[in-house]
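Visitor: one predicted model, sequence on top.
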Amino acid sequence: MTTTVEYIRYRIVPADQEAFERAYARGAEALAASPECVDYELARCEEEPERYILRIRWTSIDAHLNGFRKGEHFPAFFSAIRPYVTAIEEMQHYLVTGVVGPGKAADRS
């Protein structure tokens, strides 16, 4: 399946990080319920802990912009994360290339 990957980079001050993660846990319920969302992942940088990246795989860019954003699940998602919109440093859509594969550590499961 061809998918669109959305990356959203945030810079969140330490005092707000716990609330930010809780807000995204609430917002994730709307993502999980959305038929346009394949999967999602919020990661925090180890070297610079104030940096976060949210990765969301959508079935297509159109499904994200015209399905999810105009659909029934977006209001709950946006309500949960609204306080952190001003902390966004980048929000872009990407197409995955053919350069993909497992690493050696994948054999350890």
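Guide: It's in. Numbers count the residues shown, from 1 in each chain.
Visitor: how near is residue 28 to residue 95?
Guide: 23 Å (CB to CB, to the nearest Å). C-betas here are computed from N, CA, C, even on glycine.
Visitor: for residue 91, what are its contacts?
Guide: 6, 7, 8, 9 (CB atoms under 8 Å, 6 or more residues apart in numbering).
Visitor: how close does it get to residue 18?
Guide: From residue 91 to residue 18 the distance is 23 Å (CB to CB).
Visitor: and stretch 79-97, how far apart are its ends?
Guide: 33 Å (CA to CA, to the nearest Å).
Visitor: in it, what counts as buried?
Guide: Under the neighbour-count criterion of 16 or more other CB atoms under 10 Å, stretch 79-97 has 80, 81, 84, 87 buried.
Visitor: the helices in the chain, which residues?
Guide: 17-33, 61-62, 74-81 (DSSP state H).
Visitor: right, so of those helices, which gets closest to residue 68?
Guide: Nearest to residue 68, of all these, is helix 74-81, at 5.7 Å by CB to CB.
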